[in-house]
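>>> 3D, please:
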Amino acid sequence: MSIWVLRGLRDGIVTTRWPRRSDEYADSWRGPVTVSSEAATSDAVVADGGELEWLCPTGAIEVINGLRIDQGRCVLCGRCVAARPDLFTWSQGATGPAAAAVARQALIVPAEPETDEAVASARAALAARTAALRRSVHVRHVDAGSDGSEEWEIQALLGPVYDVHRLGVFFTASPRHADVLLVTGAGTVGMTGPLRTTYDGMPDPKVVIAVGADAVSGGLLSDRLSGVAGSVPVDVWVPGSPPSPFAILNALLIATGRLVPGARR
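Down below sits the predicted model:
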């Protein structure tokens, strides 16, 4: 017992002050790949489109009239950045624009012209539906075929560094008590029924968060599975493989109306 007391006195408060204050670790976190240069729209890039698309094992790179990255498919392997650093770079920040989105299309960068309007509409609808979810929310987590990496990050939220309880967020084993459904995994056939049963058992209003590239798009299994959106209606999309605890915490606050996507606080 005395060892823990001495350690507490030595380390002091280790809990992050985010979102009330910025956090250096969250700001420096490496996010999904993004397009790094205006050359992405050049004729040379379009001509090399087939070669560029083959760089990505999940098909996140698309070249038609220009170069685009689907961050919802990005598994952070870094092959494209290593091969073409003139075109691709890592996004930065676990709580920035790349950390979560309220529309699936918003994870495709550079954004298409109609994306802003769709995102604004989705954001307004989510805010209206979750107006009652503020000070205390309960989360039900379902693994729909995950490789386990996202579960480690979710577990970290319960430790002293992130301490999700300080924000009034609690995990529950019963869907009857849950306001938020946190889903990981690629959405395997065997989990389609249990996932839908969990969703149907939750009271309204309820929010669904797809956590990680597997849940968003199927990840490395995207040729056979497409994520969890076919089983439950997803409200917030969190890219990454896995996303950081900050990104998941950011998504929870967005889902409950406490943060605007991309906002600092």
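>>> the one residue sitting closest to the centre of the chain bridge partners, please.
By C-alpha atoms, centre = their mean, the chain has its centre lying nearest to residue 238, at 1.2 Å. For residue 238, the beta-bridge partners are residue 211 (DSSP bridges).
>>> can you give me the distance of it to residue 141?
As judged by C-beta to C-beta, to the nearest Å, residue 238 and residue 141 stand 13 Å apart. In short, each C-beta sits where N, CA and C put it, glycine included.
>>> can you name the element that comes right after the longest helix anywhere in the chain?
Longest helix in the chain, counting residues (DSSP state H): helix 115-129. Heading C-terminal from helix 115-129, the first helix or strand you meet, by DSSP states H and E, is strand 137-143.
>>> who are the packing partners of that next one?
strand 169-171, strand 180-184, helix 189-201 (3 or more C-beta pairs under 8 Å, 6 or more residues apart in numbering; DSSP states H and E).
>>> pull up the pairing partners for the first one, direction included.
In its sheet, strand 169-171 lies beside strand 137-143 (parallel), with partners assigned from DSSP bridges.
>>> can you spell out which helices and strands pack onto the following helix or strand past the partner strand?
Later in the chain than strand 137-143, the nearest helix or strand by DSSP H and E is helix 149-156. Counting by 3+ C-beta pairs under 8 Å, 6+ apart, the packing neighbours recorded for helix 149-156 are strand 180-184, helix 245-255.
>>> out of these, which is closest to residue 70?
Of all those, it is helix 245-255 that lies closest to residue 70, at 17.0 Å by C-beta to C-beta.
>>> tilt between that closest one and strand 137-143?
For helix 245-255 against strand 137-143, the angle between stretch directions is 120 degrees (axes from the mean of the first three to the mean of the last three C-alpha atoms, to 10 degrees).
>>> coming back round to it: residue 253 is in contact with the residue nearest to the centre of the chain, correct?
No. Between residue 238 and residue 253 there is no contact under C-beta atoms under 8 Å: 11.9 Å.
>>> what about residue 152, how many neighbours?
For residue 152, the count of nearby residues is 10 (other C-beta atoms under 10 Å).
>>> for the one 10 residues further on, same thing?
When neighbours are defined as other C-beta under 10 Å, residue 162 has 22 of them.
>>> against residue 242, how distant is it?
On the measure of C-beta to C-beta, residue 162 and residue 242 end up 14 Å apart.
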